[in-house]
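Chemist: Turn this into a model:
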Amino acid sequence: MSFIDDIRSKADFLGVLVATNKFQEFEFYSPHTNDKGKGLYTHFNEYGDCVYFMFVGDDLMKIGKAAGGNGWIGRAAQYRRGYRGDNTNKYILDSLKESNKYVIEVLGIRTPRVEVDLPCPITHEKVKTEIETAETLEKYYTRQYIEEDSGNELPFCVQLK
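Modeler: Residues are numbered from 1 along each chain as shown. This is a model prediction of the structure:
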């Protein structure tokens with residue numbers, strides 16, 4: 001079984017990003033809303049941190065992380081800014097325009113925080129804290145995919161350029 005098969009069999013469907021307004025913006029559509037379009041924030045706030053996978057058709061284009069205060073919903077909001085957002089948005093929209101593709105399927109794997117005891121250097125007491133795992137797993141999944149086959153690449157991962 002390939003790494004992509006593993007992703008597709010184990011990941012959650014988060015939704016789709018659709019390029020709109022002549023490839024200047026994204027709209028995010030997800031089944032996690034009610035008939036009035038509400039519930040998206042609540043669902044993804046509860047979903048928490050994750051590593052997400054962007055597919056255009058059958059091609060894996062990006063592995064990214066969504067962690068911190070807002071998890072995936074915060075990252076989705078950044079993508080929805082389109083050209084007004086960061087350079088990754090511009091790069092993805094330009095790539096979609098060049099290939100005349102409009103839809104990105106987004107899947108996610110939850111990356112729960114891990115509680116650890118951190119030794120305090122001053123008091124030597126153990127301090128309980130939670131550590132994000134999304135960045136570590138994002139790097140691990142990226143390495144797994146890239147090393148699986150010499151032809152594997154992640155065209156939307158600006159960091160790999």
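Chemist: which residues in the chain form strands?
Modeler: 12-20, 25-29, 50-56, 59-66, 103-110, 114-119, 126-131 (DSSP state E).
Chemist: Looking at those strands, which is nearest to Arg143?
Modeler: strand 59-66 (9.8 Å; Cβ to Cβ). From N, CA and C alone the C-beta is placed, and that goes for glycine too.
Chemist: Glu27 versus Ala76, what's the distance?
Modeler: Taking Cβ to Cβ, to the nearest Å as the measure, Ala76 falls 10 Å from Glu27.
Chemist: Mind listing the shared neighbours of those two?
Modeler: Residues touching both Ala76 and Glu27 by Cβ atoms under 8 Å, 6 or more residues apart in numbering: Leu17.
Chemist: The two - which one has more neighbours?
Modeler: Ala76 (22 against 14; other Cβ atoms under 10 Å).
Chemist: List the contacts of the more buried one.
Modeler: Per Cβ under 8 Å, 6+ apart, neighbours of Ala76: 14-15, 17, 28, 44, 66.
Chemist: same question, Asn21
Modeler: Going by Cβ under 8 Å, 6+ apart, Asn21 touches Gly82.
Chemist: count of neighbours near Gly145?
Modeler: To be clear, residue 145 is Tyr; Gly isn't right here. 20.
Chemist: do you know how far the closest residue to it other than its chain neighbours is from Arg84?
Modeler: Leaving aside its chain neighbours, Tyr145 sits nearest to Phe3 (5.0 Å; criterion: Cβ to Cβ, 6 or more residues apart in numbering). Counting by Cβ to Cβ, the gap from Phe3 to Arg84 is 33 Å.
Chemist: Can you pick out the residue with more neighbours from those two?
Modeler: Of the pair Phe3 and Arg84, Phe3 is the one with more neighbours under other Cβ under 10 Å, namely 17 against 11.
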